[in-house]
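> predicted model, plus sequence, below.
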Amino acid sequence: VFASILGGAGKFINCHNETDIVVNATEKPDVVAGGFVRSMQGGVLQDCTNRGNITVYTNLKNKDQKVLVGGFVAIVRSLTAMAVIDGCTNYGEVKVTCEKVVGNGSNRPINASYAGIVANVVSGDSEKHLKIVDCANEADISVSLTPDPSGAQALVSGAGGIIGMSVVLSSTGGGYGSVT
């Protein structure tokens, strides 16, 4: 990881990661891991590549637990500053193995997101606070969930090649692509 938090005028330009990250957090409450940055609160990632694999072993024991794993960024919290990810490519596999998965009893997803570029996005306005331009994910994203013997069901929030899950507080414009 290049930084725990990237924000404001911070920039990573033409940076390349080839280091694998392995997290064994079976007794820890949260996992928030990204190949470059754990939390992006503005700033720029431009023309960067990630070739490092991210492998996480964890337990999901309660509804408040977070498991956010992204090839570049675990979470973008861009409520006031512009966060830009431009021309970046992920070649590193994101692999998450969750044992003893316990449901939250409400059929609401637990906060678990996985993606090649950004696992989770919380943005005040999608047009003013986050731009992802000309980025690609060339690697596999795999999640293995083993239910707790109690039989309770847990739901995953999202998984995707570019973004795992996005919460936009306000937005204009539209989507023009397809997901198949």
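Arrived safely. Numbers count the residues shown, from 1 in each chain.
> following the helix-or-strand element of the chain with minimal mean pLDDT, which helix or strand shows up next?
Least confident helix or strand of the chain, by mean pLDDT, DSSP states H and E, is helix 126-129 with a mean of 65. Beyond helix 126-129 on the C-terminal side, the first helix or strand identified by DSSP states H and E is strand 130-133.
> neighbouring strands - and their directions - for that next one?
Each strand that pairs with strand 130-133, with its direction, by DSSP bridges: strand 83-86 (parallel).
> just the buried positions in the strand it pairs with, please.
Across strand 83-86, burial judged by 16 or more other Cβ atoms under 10 Å covers Ala83, Val84, Ile85. Where you see a C-beta, it was placed from the backbone N, CA and C, and this is true even at glycine.
> any idea of the pLDDT on the second one?
Which is Val84. For Val84, the pLDDT comes out at 88.
> list the contacts for it?
Residues in contact with Val84 (Cβ atoms under 8 Å, 6 or more residues apart in numbering) are Gly43, Val44, Leu45, Gln46, Leu130, Lys131, Val133.
> let's go with 10 Å and repeat that
Under the criterion of Cβ atoms under 10 Å, 6 or more residues apart in numbering, the contact partners of Val84 comprise 11, 40, 42-46, 78, 129-133.
> just the buried residues of strand 83-86 now: which is nearest Val73?
Distance to Val73 across the buried residues of strand 83-86 (Cβ to Cβ) is lowest for Ile85, with 7.3 Å.
> the closest one against Ala136, yeah?
No - with contacts defined as Cβ atoms under 10 Å, Ile85 does not count as touching Ala136, sitting 11.2 Å away.
> overlap of the contact sets of those two?
When Cβ under 10 Å, 6+ apart defines a contact, the residues bordering Ile85 and Ala136 alike are Ile117, Ile162.
> Ala81 is in contact with Ala9, isn't it?
Yes - contact between Ala81 and Ala9 holds when scored by Cβ under 10 Å: they sit 9.1 Å apart.
> quick one: which of the contacts of Val84 is most hemmed in?
Compared across the contacts of Val84, Met40 has the highest neighbour count, 30 neighbours, by other Cβ atoms under 10 Å.
> that one contacts Leu68, correct?
No - using Cβ under 10 Å, Met40 is not in contact with Leu68, being 11.8 Å away.
> who touches both of those two?
Between them, Met40 and Leu68 have Gly34, Ala74, Ile75, Val118 as joint contacts when contacts are counted by Cβ under 10 Å, 6+ apart.
> okay, now the unreliable bits of this protein?
Low-confidence regions of the chain, defined by pLDDT under 70, span residues 1-3, 26-29, 60-64, 78-79, 100-111, 123-128, 147-157, 167-180.
> let's see it at 90
Low-confidence segments of the chain, defined by pLDDT under 90, are located at 1-10, 23-36, 38-43, 55-72, 74-85, 94-134, 136-180.
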